[in-house]
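> Below is the structure, and that's it, no one-letter string:
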């Protein structure tokens, strides 16, 4: 969609199948995504890939919205199951899922605000959020690392930004 390299992207993939119908491993999915991105110019500046071998379970009261070409594990069938015009959670137990969220520099105000809040409420001497983040298990070094990463994202997405890292 966007052709800019200055983008942020998150990919989440659950229960992917190989060509033969067997569930793909995390490393197989990771390798496949990396292979696709190695041949394209739409790779994001920052990206995160989350892969799980387990598909999304279908809750029992789920309505019958799947057609007769969907198998029990969400796979596409070659031949329709003629006895079922539509199928629900009793017939389809789980489905593979993939989601891709991508943002261009439009995410910049969000990142800048989070960076400012992190610095003001967590990193600065005597910040009011220090005790809260400590209770969550974060130390000051963790917050500084998070701040540096956010600062790098902001600087990369907006080279004219005047944001500087506290470690500079």
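Structure's in. What do you need? Just so it is clear, the model here is predicted, and its values are computed rather than measured.
> Now do the longest helix along the chain: which elements does it pack against?
Among the segments of the chain that qualify as a helix by DSSP state H, the longest is helix 140-157. Using 3 or more C-beta pairs under 8 Å, 6 or more residues apart in numbering; DSSP states H and E, the elements in contact with helix 140-157 are helix 108-118. For the C-beta atoms, the positions are set from N, CA and C on the backbone; glycine is no exception.
> what packs against the helix it packs on?
helix 140-157.
> picking that back up, state the mean pLDDT of the longest helix of the chain.
For helix 140-157, the mean per-residue pLDDT is 86.
> Got the confidence number for the nearest residue to residue 94 once chain neighbours are set aside?
In space, residue 94 comes closest to residue 55 once its chain neighbours are excluded; the distance is 4.0 Å by C-beta to C-beta, 6 or more residues apart in numbering. Residue 55 carries a pLDDT value of 85.
> Which residue ranges of this structure form helices?
With DSSP H as the criterion, the chain has helices at 26-38, 108-118, 130-135, 140-157.
> So what's the gap between the longest one and the chain middle?
Between the mean C-alpha location of helix 140-157 and the chain-wide mean there is a distance of 19 Å, by C-alpha atoms, centre = their mean, to the nearest Å.
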